[in-house]
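*Asks:* here is my input, please return the structure:
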Amino acid sequence: MNTPIIFNLSIGSRKPHSGVQKVCPFCHPEKLTNVIEQEGDLIWLMNKFPVFENTWPTVIVETADHNGELTTYNKEKLHQVISFGLSQWLELEKDKRFQSVLYFRNFGPESGGSQRHPHSQIIGLEDYDYMENISPENFMGPVVHEDEDCYATISDYPLSGMGELNVLLKKDGAPDQFADTIQTLAQFVLHDFPLRCTSYNIFFYHTKHNICAKIFPRYNASPLYMGYRITHVMDRRSKKKTMDILTSEKYFGAK
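*Replies:* Coordinates of the predicted model:
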């Protein structure tokens with residue numbers, strides 16, 4: 001079992017939040033500091049508020065458009081964002097300072113993020129291997145889409161919540177189709193998920209065999225999970241309805 005990561009509350013309490021701040025810091029790139037790399041309006045920089053101890057926290061500002069969102073990016077922008085993030089994440093995994101490296105993004109008021117402006121995060125963990133908390137079963141479930149590059153499933157053994165959706169990139173698969181599939185599933189979460197969802201998270205994982213993404217619909221957490229770590233899945237009828245929607249022409253069905 002991993003030792004919990006320490007969250008520095010004195011730093012966390014100073015973080016700006018979209019709901020109360022007067023000016024979005026990501027809307028003024030000329031004032032951003034500790035920039036690592038820039039590609040058009042996409043900016044990778046050090047996180048100004050390193051709340052987690054023994055980590056190397058960074059932020060990717062994905063676009064200059066404050067009201068943009070991954071589910072509405074055009075294909076060119078979507079592919080740029082995911083390709084850039086994957087490239088930097090996988091390169092950072094080679095850095096011997098870190099036991100593992102996280103890559104994730106938040107969207108919506110229930111997602112745990114503090115900024116509305118589209119961004120993702122890459123965090124190097126010096127003494128924590130996140131894969132100790134993950135098993136191959138967490139990505140298993142009925143297939144709702146498959147192409148030559150990737151396939152998508154509904155988790156039969158979710159990490160935390162009902163309705164987790166997975167995308168697994170095949171060996172030598174193209175990251176653009178991987179990105180397209182992630183976007184489609186995130187659109188489903190916001191528009192057609194059985195429970196009302198205004199928020200989601202996307203987490204990326206590097207397992208022994210695949211690069212994977214997990215899309216988490218965010219709604220009120222189950223007390224069974226919060227108190228006992230008991231996860232749950234949809235009833236059979238709801239799962240079939242979800243699969244029917246995802247395989248329809250609106251999402252992955254033939255058009």
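
*Asks:* I'd like to know which elements the strand or helix carrying W44 is packed against.
*Replies:* W44 belongs to strand 42-46 when assigned by DSSP states H and E. Secondary-structure packing of strand 42-46 (3 or more CB pairs under 8 Å, 6 or more residues apart in numbering; DSSP states H and E): strand 35-39, strand 55-61, helix 75-92. Heads up, the C-betas are built off the backbone N, CA and C, glycines and all.

*Asks:* if we use 10 Å, what do you get?
*Replies:* On a contact count with 3 or more CB pairs under 10 Å, 6 or more residues apart in numbering; DSSP states H and E, strand 42-46 meets strand 35-39, strand 55-61, helix 75-92, strand 119-125.

*Asks:* for it, which positions count as buried?
*Replies:* Neighbour-count burial for strand 42-46, counted by 16 or more other CB atoms under 10 Å, picks out 42-45.

*Asks:* gap between stretch 46-57 and the chain center?
*Replies:* Its chain's C-alpha centre and that of stretch 46-57 lie 18 Å apart, by CA atoms, centre = their mean, to the nearest Å.

*Asks:* buried residues, it. List them.
*Replies:* Within stretch 46-57, judged by 16+ other CB under 10 Å, the buried ones are 47, 50-52, 55-57.

*Asks:* to K250, which of the helices and strands packed on strand 42-46 lies closest?
*Replies:* helix 75-92 (17.6 Å; CB to CB).

*Asks:* so C27 is in contact with P16, correct?
*Replies:* No. Taking contacts as CB atoms under 10 Å, C27 lies outside contact range of P16: 11.9 Å.

*Asks:* and those two? Which one has more around it.
*Replies:* Ranked by neighbour count (other CB atoms under 10 Å), C27 and P16 place P16 first, with 15 against 12.

*Asks:* and the more buried one, what pLDDT?
*Replies:* We note a pLDDT of 70 for P16 in this prediction.
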